[in-house]
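Peer 1: Curious how this folds, go ahead:
(chains A, B, C and D)
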There are 2 protein chains.
Amino acid sequence: MTGRRPQRTRDPEARRAALATAAMEVIAENGVGRTTHRAVAARAGLPLGATTYYFPTLDDLIAAGLRHALDALQTDSQAWDERLRNAPDMAEALTQLVQEYLADRSQVRIEYELFVAAARDTALRPLAEAWLNDTPDTLVATVGPEVARDICALLDGFILQALVSGTALDAGRLTAAIRKLSS
Amino acid sequence: MTGRRPQRTRDPEARRAALATAAMEVIAENGVGRTTHRAVAARAGLPLGATTYYFPTLDDLIAAGLRHALDALQTDSQAWDERLRNAPDMAEALTQLVQEYLADRSQVRIEYELFVAAARDTALRPLAEAWLNDTPDTLVATVGPEVARDICALLDGFILQALVSGTALDAGRLTAAIRKLSS
DNA sequence: ATCGTACTTGTACATCCGTACAAGAAGATC
DNA sequence: GATCTTCTTGTACGGATGTACAAGTACGAT
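Peer 2: Residues are numbered from 1 along each chain as shown, chains lettered A, B, ... in the order given. Reported below is the predicted structural model:
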């Protein structure tokens, strides 16, 4: 209804982005199923109403958070590719990249949150597939598209093991396995 | 308070099991984050109060559902092992088993629900690790424990791809990849 | 037969949820 | 400066949620 309201300076684009970022963080912390308008709004430092203004439904808000994470990954992906191109040993370089990726566990958690959510909700499937299909060009150019996907599947499996056990990656074993698949 | 109450015949063990089964099913359908006392009770055909009587908190109920799924898997695992032992070609037999495993997507979904939940909640970690470490004995005996884990990681990666894309498994590629890792 | 414990069931309650919306302020258009 | 659109914010509301609990019943022990 009413009440004093010192309104902030307007910046719709920034608000949209802030909400998407906050949604991403809440998803990483609480999971898709426990992500709420209020938690996202609080995280973004915005009033509740802002969430429904920019994202009509909760599903839209969650999708925005996941898409935001995907965008971040695809940016990283280009850096990955560049490092792979200049690496003397691709298997070792890949292992190194996975190790760095695993350093930020919350980022990794979002990836699997997306996968699980996509498994249940077909609307998220394109997003998840885009994530899965984001194989480094250099890898594809070197070993071909099929082996590249095999290797990515292997990486996902190793990442999952590390994520679940909370332990570090066994770099030596991963490098050896990549070599076997590359031949 | 009051009200007429035609009480059913008592069978605490059966109720516990029914609730665990129902919890497993709700998790497969709605995900861990959207699993509620009421949904589980309705699924089990039991009153709400039964859930909190047997499982003090919601986390306990969810853990029971996940543990129930783990038990089911470990039973399957023995059948897997037997078929692997008698198979002429282990790579092909493994691929076949994965294909059958993928036939029931809801079961597969639970697996990844558990992984994601364990990534966030350390209390579930032992359960998830037990799942991850459940590698067929025959596989371990044939290729050694390390390669066996590599292969399981590969399988998880392929399963994830199939789960997310909703498509069938590429059996030929998987078999070939397993062979490469086995050598 | 009675009694005590373990189980069953309906209901209560405070809290949180998604979403809707009215009232106002900011900034563009004229 | 008037007007209109776009954005901001607080609040409302019906419903779902986790958990607590009182009342009542089955059943083994005595």
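Peer 1: CA atoms for contacts and neighbours, from now on please.
Peer 2: Fine.
Peer 1: neighbours around the residue in chain A that DNA strand D sits nearest to, how many?
Peer 2: Taking CA to the nearest atom of the strand, DNA strand D has its nearest neighbour within chain A at A:Gly49, 3.8 Å off. Using other CA atoms under 10 Å in any protein chain shown, A:Gly49 has 12 other residues around it.
Peer 1: quick one: it from A:Thr21, how far?
Peer 2: Applying CA to CA, to the nearest Å, the value for A:Gly49 to A:Thr21 is 17 Å.
Peer 1: before we move on, back to that, for A:Pro12, see how far away the residue of chain A closest to DNA strand D is.
Peer 2: Taking CA to CA, one finds A:Gly49 at 13 Å from A:Pro12.
Peer 1: Quick check: which element contains the residue of chain A closest to DNA strand D?
Peer 2: Assigned by DSSP states H and E, A:Gly49 belongs to helix A:48-54.
Peer 1: what's the following helix or strand after that helix?
Peer 2: For helix A:48-54, the following helix or strand on the C-terminal side (DSSP H and E) is helix A:58-85.
Peer 1: list the buried ones in that next one?
Peer 2: A:61-70, A:73-74, A:77, A:80-81, A:83-85 (16 or more other CA atoms under 10 Å in any protein chain shown).
Peer 1: who touches A:Pro136 in this structure?
Peer 2: Contact partners of A:Pro136, counting by CA atoms under 8 Å, 6 or more residues apart in numbering or on different chains, are A:77-78, A:80-81.
Peer 1: Could I get the full set of helices for chain A?
Peer 2: Secondary structure of chain A (DSSP state H): helices at A:12-30, A:37-44, A:48-54, A:58-85, A:90-103, A:105-120, A:125-132, A:137-143, A:145-165, A:171-182.
Peer 1: Rebuild these as CSV, extending it with mean pLDDT.
Peer 2: What follows is the helices of chain A, written out as CSV (pLDDT from 0 to 100):
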stretch, mean pLDDT
helix A:12-30, 98
helix A:37-44, 98
helix A:48-54, 98
helix A:58-85, 96
helix A:90-103, 97
helix A:105-120, 96
helix A:125-132, 96
helix A:137-143, 97
helix A:145-165, 97
helix A:171-182, 98
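Peer 1: Save the ones you listed as TSV, and put in distance to DNA strand C too.
Peer 2: Listed next are the helices of chain A as TSV, based on distance: least, CA to the nearest atom of the strand, whole Å:
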stretch	distance to DNA strand C
helix A:12-30	10
helix A:37-44	4
helix A:48-54	5
helix A:58-85	4
helix A:90-103	29
helix A:105-120	15
helix A:125-132	20
helix A:137-143	38
helix A:145-165	26
helix A:171-182	40
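Peer 1: Can you add distance to chain B and give those helices back as a markdown table?
Peer 2: Putting those into a markdown table (distance: least, CA to the nearest CA, whole Å) gives the following:
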| stretch | distance to chain B |
| --- | --- |
| helix A:12-30 | 7 |
| helix A:37-44 | 14 |
| helix A:48-54 | 21 |
| helix A:58-85 | 14 |
| helix A:90-103 | 12 |
| helix A:105-120 | 5 |
| helix A:125-132 | 6 |
| helix A:137-143 | 13 |
| helix A:145-165 | 4 |
| helix A:171-182 | 6 |
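Peer 1: Could you save those helices as a markdown table and add columns showing distance to B:Gly31?
Peer 2: Below are the helices of chain A laid out as a markdown table (distance: least, CA to CA, whole Å):
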| stretch | distance to B:Gly31 |
| --- | --- |
| helix A:12-30 | 13 |
| helix A:37-44 | 19 |
| helix A:48-54 | 24 |
| helix A:58-85 | 15 |
| helix A:90-103 | 24 |
| helix A:105-120 | 8 |
| helix A:125-132 | 16 |
| helix A:137-143 | 34 |
| helix A:145-165 | 17 |
| helix A:171-182 | 31 |
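Peer 1: out of those helices, nearest to B:Leu174?
Peer 2: Among the helices of chain A, the nearest to B:Leu174 by CA to CA is helix A:145-165 (7.9 Å).
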